[in-house]
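can't give you the sequence, but here's the structure:
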RNA sequence: CCGCCCGUAGCACAGCAGGAUAGUGCAGCAGAUUCCGAUUCUGAAGGUCGGGGGUUCGAAUCCUCUCGGGCGGGCCA
């Protein structure tokens, strides 16, 4: 919370407590313990700048009606020396507090004093957090879900950094296991088809049918010719994978970089396969007696562990039975570990080996079935599963000309992230994909998204910024020296539109913390739109250039606060804040 | 069948550790520029918060049942 806002809330709380204490000692209120109460910002400023529900909360303890309690507090309250001007009682018994002019000037001074750091806080207390997002399969191109996940993850990481966490962005590369074999097989067949014709060798239904596979095979053929047709299948597939996989990964890096996403760490799944951590993890499960063998495979006792967790959460055995929990395979009958096994080892690596305090994964909602068993497995190896938070993101549905566009990696006809970035400016993509909370389904209208018009909220925000820059330029051009302002001068900003802006500026820090708590960067894009709206309203209601020199300076001061805040937030989200457009 | 997510104005969405008259944008209607950027602003209109029950001073918000949409329940990832 901003320093000033925090101070103000504490002043209110203290004033209420003092008033109640006084009333109790004078016998106006019964000598009962004072119960917990809230201080919040009402939706409608007609109900004050801050309000408290203390009177309603106290009805039971005091056995008095809330209105009477409120009046008693009001009679005893003293607001001298605070940022509050007055207090009123309203409705069922709300105590509504009104800010004094000193509050408004203090907020503006604080915005300027903090500069680029305005909005930062130490809420996260320097905790190490790992945000893993996108983590697309390197076997094919990235799709629109990755576009949303990328914008969401990167911006979440950014606001967490702002809220005082030590953030690391991570991409998990699935470079091992089944899908890599399938990748090799698909490449192999495309390669053979180049020489033998499409009908000679058939591509199985469940392999990768994308155009990119054909391309990689073709590129490979351009380098090595048909020489690998002679070689063994294993050797040929390995060579194809060794060529195509790094190429795909490089492409992903380049594309994400264009999307302004830079990872701190690209983590290869193969690492835990090769460095013994996967084996250690399985040994740990074995040692804890949570595995068994069946049908030649090694199984994890998910039912047992998860039942224990659910019972601890207060679920009944009946309810748990209805879930029809299942055990999961760790090592297949063919000796290969499953994705699940590797994933346990990977999360153990994040939380135990690399000692992150919190791991956040952003997954498509279609993976939600994986969450419970992942957490159960972490508990099973002695890692507190509450340190893992999974954000399930509803998949994006594309529409074009009002019709849904299918996005399947298999058909090879999906609109890729590369396509998207060619069509839509990065600023707009990053902003638009952060307009909705992760959990809500999202229709992405390609026609509208491609449209570079004022309908696009990002332009609306950027325009507000450019407009302010233009005003400042105009003042300078007129030979007006913008200077610092005294508190008294800033207190000339009494228009409702001016006060609205200042109150909104005051809420930034809390807004960011709230967005972090809810893992919802969309709150910040909405905050920015609101700030731009409030500025445009002010612009239409008040003129910066005016007769009163002090008022003009105060308004210029306000403009600079808004300009800098918009720029800070946009830059935080890695979106440009142009000075003209 | 079981589970998770979603259902708020014509459309897209906020609001959800209970609070005051349910908000914002777009579309549509009526207006505003001799003046700092009209990519802007002002106003009116638009609602059984999917539906029924419950909890209480108070429910869009919590519980329960129900209806509709999305997704999942692989020795796939």
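Now that the structure is in, tell me what you want to look at. All figures in this text were calculated on a predicted structure; none of them were measured in a lab.

ok, now how distant is the residue of the stretch 201-350 of chain A found nearest RNA strand B from residue A:389?
As assessed by Cβ to the nearest atom of the strand, RNA strand B sits closest to residue A:295 within the stretch 201-350 of chain A, at 2.8 Å. The way it works is simple: take the backbone N, C-alpha and C, and place the C-beta from them, glycine included. Per Cβ to Cβ, to the nearest Å, residue A:295 is found 34 Å from residue A:389.

So those two - more neighbours on which side?
Looking at residue A:295 and residue A:389 with other Cβ atoms under 10 Å, you find the greater number of neighbours at residue A:389, namely 16 against 8.

now that one, nearest residue through space, not along the chain?
Across the structure, with Cβ to Cβ, 6 or more residues apart in numbering as the measure, the residue nearest residue A:389 apart from its sequence neighbours is residue A:360 (5.0 Å).

which other helices and strands contact whatever helix or strand the one you found lives in?
Counting by DSSP states H and E, the element that carries residue A:360 is strand A:358-364. In terms of contact count using 3 or more Cβ pairs under 8 Å, 6 or more residues apart in numbering; DSSP states H and E, strand A:358-364 is assigned the packing partners strand A:128-132, helix A:144-162, strand A:388-393.

With respect to residue A:175, which of those lies nearest?
Closest of those to residue A:175 is strand A:128-132, at 15.1 Å (criterion: Cβ to Cβ).

so how far is residue A:221 from residue A:208?
Distance, residue A:208 to residue A:221, using Cβ to Cβ: 17 Å.

higher neighbour count, those two?
The residue with more neighbours, out of residue A:208 and residue A:221 and counting by other Cβ under 10 Å, is residue A:208; that gives 23 against 19.

is it true that the more buried one lies in a helix?
No: the assignment for residue A:208 is coil, going by DSSP: H, G, I helix; E, B strand; the rest coil, so no helix is present there.

So it is in contact with residue A:184, correct?
No: no contact is recorded between residue A:208 and residue A:184 when judged using Cβ atoms under 8 Å, the distance being 10.2 Å.

And the residue nearest to residue A:168 when sequence neighbours are not counted, its phi and psi?
Nearest residue to residue A:168 in three dimensions, chain neighbours excluded: residue A:264, at 4.5 Å (Cβ to Cβ, 6+ apart). In terms of degrees, to the nearest 10, the main-chain angles of residue A:264 are phi -80, psi -30.

what are the ranges of the helices in the stretch 401-550 of chain A?
All helices of the stretch 401-550 of chain A, identified by DSSP state H, counting those that start in this stretch, fall at A:417-423, A:426-432, A:446-450, A:457-477, A:487-490, A:496-506, A:508-517, A:522-541, A:549-572.

Is the helix or strand encompassing residue A:14 positioned near RNA strand B?
Under the assignment given by DSSP H and E, the secondary-structure element containing residue A:14 is helix A:3-25. No: Helix A:3-25 lies apart from RNA strand B when judged by Cβ under 7 Å from any atom of the strand; the minimum separation is 12.4 Å.

got the contact list for residue A:46?
Contacts were defined as Cβ atoms under 8 Å, 6 or more residues apart in numbering; by that measure residue A:46 touches no other residue.

how close does it get to RNA strand B?
In this structure, residue A:46 and RNA strand B are separated by 6 Å, where distance is defined by Cβ to the nearest atom of the strand, to the nearest Å.

So which residue is dead centre in chain A?
residue A:156 (3.1 Å; Cα atoms, centre = their mean).

circling back: show the secondary-structure elements that the helix holding residue A:14 is packed against.
Helices and strands touching helix A:3-25, as assessed by 3+ Cβ pairs under 8 Å, 6+ apart, comprise strand A:39-40, strand A:50-52, helix A:66-76, strand A:84-90, strand A:94-99, helix A:101-114.

Take those and lay them out in CSV including mean pLDDT and mean neighbour count.
Compiled in CSV, the helices and strands packed on helix A:3-25 are given as follows (pLDDT from 0 to 100; neighbours: other Cβ atoms under 10 Å):
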stretch, mean pLDDT, mean neighbour count
strand A:39-40, 86, 14
strand A:50-52, 91, 23
helix A:66-76, 89, 20
strand A:84-90, 91, 17
strand A:94-99, 92, 23
helix A:101-114, 96, 20
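
Out of those, flag the one nearest residue A:397.
Among the helices and strands packed on helix A:3-25, the nearest to residue A:397 by Cβ to Cβ is strand A:39-40 (36.7 Å).

Sheet partners, orientation included, of that closest one?
According to DSSP bridges, the neighbouring strands of strand A:39-40, each with its direction, are strand A:50-52 (antiparallel).

quick one: low-confidence ranges for chain A?
Residues of chain A meeting the criterion pLDDT under 70: A:1, A:399-413, A:447-448, A:450-454.

Packing partners of the longest helix anywhere in it?
Of all the elements of type helix in chain A, the one with the most residues (DSSP state H) is helix A:233-258. For helix A:233-258, the helices and strands in contact under the criterion 3+ Cβ pairs under 8 Å, 6+ apart are strand A:166-173, helix A:178-196, helix A:211-224, helix A:417-423.

coming back round to it: can you list the helices and strands packed on strand A:358-364 in CSV and add distance to residue A:25?
Formatted as CSV, the entries for the helices and strands packed on strand A:358-364 read as follows, by distance: least, Cβ to Cβ, whole Å:
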stretch, distance to residue A:25
strand A:128-132, 48
helix A:144-162, 45
strand A:388-393, 47
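
Quick check: the residue lying closest to residue A:581 once chain neighbours are set aside vs residue A:546, distance?
Excluding the flanking residues, the one nearest residue A:581 by Cβ to Cβ, 6+ apart is residue A:466, at 5.0 Å. When Cβ to Cβ is applied, the distance between residue A:466 and residue A:546 equals 22 Å.

what does the stretch 251-400 of chain A have sitting close to RNA strand B?
Residues of the stretch 251-400 of chain A lying close to RNA strand B by Cβ under 7 Å from any atom of the strand are A:294-297, A:319, A:322-324, A:326, A:328-329, A:332-334, A:338-340, A:365-370, A:392, A:394-395.

Show me how to select, in PyMOL, the buried members of the residues you listed.
Only the buried members of those end up in this PyMOL selection, burial being decided by 16 or more other Cβ atoms under 10 Å:
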select buried, chain A and resi 297+328+329+338+340+370+392+394
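
Can you give me the buried ones in the longest helix of chain A?
By neighbour count, with 16+ other Cβ under 10 Å as the criterion, the buried positions of helix A:233-258 are A:236-237, A:239-241, A:243-245, A:247-249, A:252, A:255-256.

Also stretch A:367-380?
Those would be A:370, A:371, A:372, A:373, A:374, A:375, A:376, A:377, A:378, A:379, A:380, for stretch A:367-380 by 16+ other Cβ under 10 Å.
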